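**Q** 3D model of this:
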Amino acid sequence: MSELIVKTKQFVVDLLSNELDPNFLYHNLRHTERVVKSTEELITFYKLDAKDREVLMLAAWLHDTGYTKGTDNHEENSCAIAKKILSKLGSDTKLIKNVAACIMSSKRFAEPTSLLEEIIRDADSSHFGQNSYLETAELLREELSLLGIAEYSSKDWLDENVKMFRAEHHFYTSYALENWQPGKDKNLRKLIKEKKAEKEIAKKELLKAKYKNESPDRGIQTLFRVTLKNHITLSDIADTKANILLSVNAIIISLALSNLIPKLDNPSNSYLIYPTVIFIIFGVASMVLAVLATRPNVTSGKFTPEDVKNKKVNLLFFGNFHKMKLEEYEWAIKELVKDKEYIYSSLTKDLYFLGLVLNRKYNLLRWTYTIFVIGIIISVIAFGVAFRYFGPERVLDLT
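**A** Alright, predicted model coming up:
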């Protein structure tokens, strides 16, 4: 390796390591080193003389240095940098001109006019035939995105790569055609396979979206399931509240019967009769309303075949079929599941009548709590008035 190549290599390594935008994930020092390696491979095969070897190695090292100035016209910028550094290192005009020609041959859509230009162009695209092509291509896709040049979806990027392989790129040298083309063909098959896979996935997603849009059954089922669950939960809450009031009033009345009623036999405690009666009446009223709130209503439990055919009976509520024979109910259910409209109608009726039951329960509970509170207040007032105006101390004062 000539001293000129060694110094140029040092310059390029330093330049790309320190001045290149880190968003260049593909066009970086690693890419340049790969191009240099591929160039050496071609030089060795063609047994080029030292002069041509020097031109190609310099072009390989310098061909992407223009990216340090940006993405626009980077080949021209690379030539300018090459001229500057090679002149500084004492190269003659002819060498610089030949290096620049090789660099410009790497430009997209350029057609090489000599073996040297063919070699540098093939070396620059040698990754098309390498096993790591898909990973390398992904780096280029990300680079384009980070630099704000272009955004590609997975599908669009596959399309671009297939287009590049089929219509735009081809190797020029016989060595590349023999040794790198098979790898390129293999990578093309991989791209086509991935493209087909992407199409299948897109097709499935499209069908899934179409099915989701055209068939809202799942959403409807969720609606009914959640709403029915909420209704049942509210019913349980109402029953729990009613049971609490039943228990509280039962304890209160038990205490009243065991402690107050026996004392009423004594004439001196006659002033307690009215407050006790008020206390017990309100307690019993609360208990009655609480029982009414939890008392189930059972319907006739029968239906006719005409009811099923006319979709008049809700087969999801036990009160409509508990007196029917199993065979009759099985027949009715089979008729129900045949008709989606009938199913939704039955679920709607179930929701509606559950709502009516809840309305009745909560209205009764409201009255129960209201009467319970009013009863407690009136009873306390009644006992207070009785003790104040009719109690034992008042009787003694009057005597």
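**Q** can we go C-alpha only for contacts and neighbour counts from here?
**A** Will do.
**Q** What is the subsequent helix or strand relative to the host helix or strand of R189?
**A** Secondary structure assigned from DSSP states H and E places R189 in helix 181-214. Next helix or strand after helix 181-214 toward the C-terminus (DSSP H and E): helix 217-255.
**Q** in that next one, what counts as buried?
**A** By 16 or more other CA atoms under 10 Å, the buried positions in helix 217-255 come out as 224, 228, 231-232, 234-235, 238-239, 241-243, 245-246, 248-250, 252-253.
**Q** Okay, buried residues for the helix holding R189 please.
**A** For helix 181-214, the neighbour count (16+ other CA under 10 Å) marks Q181, G183, K184, N187, L188, L191, I192, K195 as buried.
**Q** what does stretch 377-390 give?
**A** I378, S379, V380, A382, F383, A386, F387, F390.
**Q** Relative to N98, how far out is L356?
**A** Using CA to CA, to the nearest Å, L356 is found at 94 Å from N98.
**Q** between those two, who's got more neighbours?
**A** Taking neighbours as other CA atoms under 10 Å, L356 and N98 compare with N98 leading, 18 against 11.
**Q** Which pLDDT does the model give K210?
**A** K210 is assigned 61 on the pLDDT scale.
**Q** low-confidence ranges in this protein?
**A** Where the chain drops to pLDDT under 70, the residues are 207-217, 260, 263-266, 268-269, 298-299, 391-399.
**Q** Show me where the stretch 1-150 of the chain has its strands.
**A** In the stretch 1-150 of the chain, no strands are defined using DSSP state E, counting those that start in this stretch.
**Q** What segments of it are helices?
**A** Assigned by DSSP state H, counting those that start in this stretch, the helices in the stretch 1-150 of the chain fall at 3-18, 29-46, 50-62, 74-88, 93-105, 115-124, 133-146.
**Q** Which other helices and strands does the helix or strand hosting G384 contact?
**A** Per DSSP H and E: G384 is located in helix 340-390. Packed against helix 340-390 by the contact rule (3 or more CA pairs under 8 Å, 6 or more residues apart in numbering; DSSP states H and E) you find helix 217-255, helix 273-294, helix 326-338.
**Q** Find the nearest non-adjacent residue to S286, please.
**A** Excluding the flanking residues, the one nearest S286 by CA to CA, 6 or more residues apart in numbering is T368, at 5.1 Å.
**Q** repeat for I103
**A** The nearest residue in space to I103 (CA to CA, 6+ apart) is H63, at 5.1 Å.
**Q** Distance of the one you found relative to A80?
**A** To A80, H63 is 11 Å away according to CA to CA.
**Q** now do T233
**A** 80 Å.
**Q** And D64, by the same measure?
**A** Counting by CA to CA - D64 and A80 are separated by 11 Å.
**Q** Please identify which of these two sits among more neighbours.
**A** D64 (27 against 15).
**Q** In this structure the more buried one contacts N73, no?
**A** No - contact between D64 and N73 fails when scored by CA atoms under 8 Å: they sit 10.7 Å apart.
**Q** Would you point out the most distant pair within the buried residues of stretch 377-390?
**A** Greatest spacing in the buried residues of stretch 377-390, by CA to CA: I378 and F390 (16.7 Å).
**Q** domain parsing for this structure?
**A** 1-124, 128-214, 217-398 (automatic domain parsing).
**Q** among those domains, which is the most enclosed?
**A** Ranked by mean neighbour count, the domains of the chain are led by domain 1-124 with a mean of 18 (mean count of other CA atoms under 10 Å).
**Q** Quick check: end-to-end length of that one?
**A** Span of domain 1-124 from end to end, CA to CA: 21 Å.
**Q** where's that domain relative to the chain centroid, distance-wise?
**A** Distance of domain 1-124 from its chain centroid, counting by CA atoms, centre = their mean, to the nearest Å, is 48 Å.
**Q** can you check stretch 172-189 too?
**A** That offset, for stretch 172-189, works out to 42 Å (CA atoms, centre = their mean).
**Q** Compute the first-to-last residue distance for it.
**A** Taking CA to CA, stretch 172-189 runs 21 Å from one end to the other.
**Q** do the same with stretch 103-122
**A** Stretch 103-122: ends 12 Å apart by CA to CA.
**Q** In contact with the closest residue to Q130 other than its chain neighbours, which residues?
**A** Spatial nearest neighbour of Q130, chain neighbours left out: G183 (5.9 Å); criterion: CA to CA, 6+ apart. G183 makes contact with F128, G129, Q130, N131, according to CA atoms under 8 Å, 6 or more residues apart in numbering.
**Q** The third one contacts W180, correct?
**A** By that I understand Q130. Yes - in this structure, Q130 is within contact of W180 by CA under 8 Å, at 7.4 Å.
**Q** circling back: distance to I85 for the helices and strands packed on helix 340-390 - can I get that in CSV?
**A** Shown next, in CSV, are these (distance: least, CA to CA, whole Å):
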stretch, distance to I85
helix 217-255, 70
helix 273-294, 97
helix 326-338, 84
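**Q** For F165, see how far away the residue nearest to Q130 is.
**A** According to CA to CA, G183 and F165 sit 12 Å apart.
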